[in-house]
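Using only what follows, build the 3D model:
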Amino acid sequence: MDAELSFDMIVTIVNKGGSEKIVNASKSAGAEGGTVMPGRGAGIREKRSFGAFP
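Next comes the predicted model:
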């Protein structure tokens, strides 16, 4: 099969409740799909205490 596949991915991290605006902008720009995943950050406070775990 000689079909060339091309993929692009944009990863955006937003505060809870802010994904709708990003998804709408992506669709307007031609995105064919999107996935929204909830998550929990590991910021500076978590990094400071990370070494305390065995």
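
so what pLDDT did residue 5 get?
In this model, residue 5 is scored at 82, pLDDT.

same deal with the one 3 residues further on?
The per-residue pLDDT reported for residue 8 equals 83.

For it, give its distance to residue 18.
22 Å (C-beta to C-beta, to the nearest Å). Any C-beta I mention is one placed from the backbone N, CA and C, and that applies to glycine too.

Looking at these two, which is more packed in?
residue 18 (10 against 6; other C-beta atoms under 10 Å).

Select the longest helix from this structure.
helix 19-28 (DSSP state H).

Would you mind writing the CA trace of that one as CSV?
The C-alpha trace of helix 19-28 is given here as CSV (Å, rounded to 0.1, in the frame of the first residue of the first chain):
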residue,chain,number,x,y,z
SER,A,19,-12.2,22.6,27.1
GLU,A,20,-15.4,23.5,25.2
LYS,A,21,-13.8,26.7,23.9
ILE,A,22,-10.7,24.8,22.8
VAL,A,23,-12.7,22.0,21.1
ASN,A,24,-14.8,24.6,19.2
ALA,A,25,-11.7,26.5,18.0
SER,A,26,-10.1,23.2,16.9
LYS,A,27,-13.2,22.2,14.9
SER,A,28,-13.3,25.7,13.3
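
what pLDDT, on average, does that helix get?
Per-residue confidence for helix 19-28 averages out to 92 on the pLDDT scale.

Neighbours of residue 34, how many?
When counting by other C-beta under 10 Å, one arrives at 13 neighbours for residue 34.

And what about it, helix, strand or coil?
Following DSSP: H, G, I helix; E, B strand; the rest coil, we place residue 34 in the coil state.

List the buried residues of the longest helix of the chain.
Along helix 19-28, these residues count as buried under the neighbour rule (16 or more other C-beta atoms under 10 Å): residue 19.
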